[in-house]
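below are the sequence and a predicted model; questions follow.
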Amino acid sequence: DAEGSEGAAAGAGGRGKKKAAKTGGEGAAGPEGDKRDITYEMEKNRGLQKYHKREIPRIRQKNRFQKKLKSARGQHRQVAADRGAYGGEEHGINPFVSHATSLR
C-alpha cells in the first residue's frame, strides 16, 4: 500500500522523487543507494567564462568612435582651408577637450 501511494503521488515521469530530492530527502545517499543531490554550484556550472568588462554601452560606443577617428586622422590628411590674413587657430579647436573652471 505504501509503495502504491508513493507512485500515485509521484505522477507521470516520477516528478515527486525529484521534488523530494531537492528538498533535502535522505541526505547523502538514500536507502536504495540513490545518487546524492547536486549543489547549486554544480547546477549552475558555467565553466570557463570570458572576462566581461562592465561598461556603459553608450560610453563604449563613444570611445570606439573616438578610437576610429584617431586612426582615420593618421591615414588621411586633413583639409586646411585658406583663412586669409589671420589664420586663427592653426589646427582648430578640439571639441573633445574641456578647459572649463568650476563655479563655486
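Nice, I can see it.

any idea how far residue 62 is from residue 56?
To residue 62, residue 56 is 9 Å away according to C-beta to C-beta, to the nearest Å. For every residue, glycine as well, the C-beta is placed using N, CA and C.

the two: which is more packed in?
Counted by other C-beta atoms under 10 Å, residue 56 and residue 62 do not tie: residue 62 has more neighbours, with 12 against 8.

list of residues touching the helix or strand where the more buried one lies?
Following DSSP states H and E, one finds residue 62 within helix 57-75. The contact list for helix 57-75, computed with C-beta atoms under 8 Å, 6 or more residues apart in numbering, reads residue 96.

buried residues, that helix. List them.
Along helix 57-75, no position meets the burial threshold by neighbour count (16 or more other C-beta atoms under 10 Å).

ranges for the helices of the protein?
2-10, 15-22, 40-43, 57-75 (DSSP state H).

where does pLDDT dip in this protein?
1-32, 80, 82-83, 86-91 (pLDDT under 70).

recalculate using a threshold of 50.
Where the chain drops to pLDDT under 50, the residues are 10, 21.

between the two ends of stretch 47-57, what distance do you get?
Terminal residues of stretch 47-57 are spaced 26 Å apart (C-alpha to C-alpha, to the nearest Å).
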